[in-house]
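**Q** no sequence on hand, only this structure:
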C-alpha cells in the first residue's frame with residue numbers, strides 16, 4: 001500500500017494533507033524519515049506519525065481497563081463512554097466493546113472491529129470463562145454457597161426464574177471472593193451475590209479467557225500483543 005493512502009485511510013487527513021505531513025519529516029518508516037508519499041509499505045513495516053504507530057491491519061484488537069462511572073457504549077449525550085478512551089487516529093476504525101461491563105464495574109474490556117471474534121467471545125456456545133473479583137457487604141460467604149454456585153443457582157428476582165450455569169465461587173478473604181462465569185446474564189455477578197443475601201461493594205473483571213489484567217490502571221487502553229491475540233482467538237476456535 002502507498003504510504004499516503006495508508007495515512008489517509010487511518011484518518012490523518014486527505015491525500016493532500018498527508019503529503020504535507022510526510023514532507024514535514026513527521027513520518028518514519030522503520031525509524032527512518034519518509035519523504036516520498038508514493039513509497040509502498042507492508043504490514044511488516046513500522047510506520048509512525050510523531051512517534052505514534054500507525055496500524056496497517058484491517059482488524060484491530062485492544063484491551064481496556066474500564067474505570068468506574070463509565071458506560072460500556074460508544075456514544076452517550078450525558079455520561080462518559082469507553083469511546084472517550086480510544087485514540088483519535090483509530091476512532092473511525094469501527095472499534096466496539098465485546099460484551100458489557102456495568103457503569104460501576106471496572107476491569108478488562110475488549111475493543112475490536114472483528115465481528116466474528118466478538119460474537120464467539122460473547123456466545124455461550126464457546127464456554128469462555130470470565131473472572132471477577134468482588135468485595136461484598138454482609139456475613140461472610142460459606143462453603144455451602146460455594147457448592148450451590150457450582151451446581152447452578154436459580155435466580156428468582158424476576159417474574160420468570162432463571163437457571164444459571166454452574167460457576168466457580170472462590171472465597172479469597174474476609175468479605176472478598178472471586179466468581180468465574182461461563183455465561184453473561186444481565187448483572188449476573190451482582191444477582192448471584194444478592195441471591196446469597198449479600199450486596200456488592202466493588203466489582204472488577206480481571207480476566208476474559210486467557211486475557212488477564214494483572215494490575216489496576218483505570219482508563220488504560222493498549223493494543224493486544226500478538227501472543228494475546230493468538231490466545232484469545234485460539235480459545236474460541238479461530
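**A** In hand now; what should we look at? Just so it is clear, the structure is predicted and the values come from calculations on it, not from any experiment. Numbering: from 1, shown residues only.

**Q** can you give me the distance of residue 152 to residue 208?
**A** When distances are taken as Cβ to Cβ, to the nearest Å, residue 152 and residue 208 turn out to be 21 Å apart. Heads up, the C-betas are built off the backbone N, CA and C, glycines and all.

**Q** more crowded one of the two?
**A** Neighbours of residue 152 and residue 208, each counted by other Cβ atoms under 10 Å, are more numerous for residue 208; the result is 22 against 11.

**Q** pretty sure the more buried one sits against residue 121.
**A** Yes - if you go by Cβ atoms under 8 Å, residue 208 and residue 121 touch, sitting 6.9 Å apart.

**Q** shared neighbours, these two?
**A** 98, 110, 128, 232 (Cβ atoms under 8 Å, 6 or more residues apart in numbering).

**Q** and the residue nearest to the spatial centre of the chain, helix, strand or coil?
**A** With distances taken as Cα atoms, centre = their mean, residue 110 lies nearest the centre of the chain, 1.7 Å away. Per DSSP: H, G, I helix; E, B strand; the rest coil, the local secondary structure of residue 110 is strand.

**Q** please apply the same query to residue 147.
**A** Assigned by three-state DSSP, the conformation of residue 147 is helix.

**Q** around it, how many other residues sit close by?
**A** Residues near residue 147, counting by other Cβ under 10 Å: 10.

**Q** give me the distance between it and residue 164.
**A** Counting by Cβ to Cβ, the separation of residue 147 from residue 164 is 14 Å.

**Q** neighbouring contacts of the longest strand anywhere in the chain?
**A** Secondary structure of the chain per DSSP state E: the longest strand is strand 199-208. Applying Cβ under 8 Å, 6+ apart, the set of residues contacting strand 199-208 from outside is 98, 101-102, 104-110, 121, 128-138, 175, 178, 189-190, 193-194, 212-213, 216, 232.

**Q** out of those, which are buried?
**A** Neighbour counting by 16 or more other Cβ atoms under 10 Å classes 98, 101-102, 105-110, 121, 128, 130-134, 136, 175, 178, 189-190, 193-194, 213, 232 among the contacts of strand 199-208 as buried.

**Q** before we move on, the earlier item: output the shared contacts of residue 208 and residue 121 as JSON lines; include the columns distance to residue 19.
**A** Converted to JSON lines, the shared contacts of residue 208 and residue 121 look like this (distance: Cβ to Cβ, whole Å):
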{"residue": "98", "distance to residue 19": "37"}
{"residue": "110", "distance to residue 19": "35"}
{"residue": "128", "distance to residue 19": "45"}
{"residue": "232", "distance to residue 19": "38"}
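
**Q** need those in a markdown table with secondary structure and pLDDT, can you?
**A** Putting the shared contacts of residue 208 and residue 121 into a markdown table (DSSP: H, G, I helix; E, B strand; the rest coil; pLDDT from 0 to 100) gives the following:
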| residue | secondary structure | pLDDT |
| --- | --- | --- |
| 98 | coil | 97 |
| 110 | strand | 98 |
| 128 | coil | 95 |
| 232 | helix | 97 |
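
**Q** how is this structure carved up into domains?
**A** What automatic domain parsing lists as the domains of the chain is 3-54, 61-124+216-235, 129-208.

**Q** and the end-to-end length of the longest one?
**A** Translated: domain 61-124+216-235. Domain 61-124+216-235 has its terminal residues 15 Å apart, counting by Cα to Cα, to the nearest Å.

**Q** how far away from the center of its chain is that domain?
**A** The chain centre lies 3 Å from the centre of domain 61-124+216-235; the measure is Cα atoms, centre = their mean, to the nearest Å.
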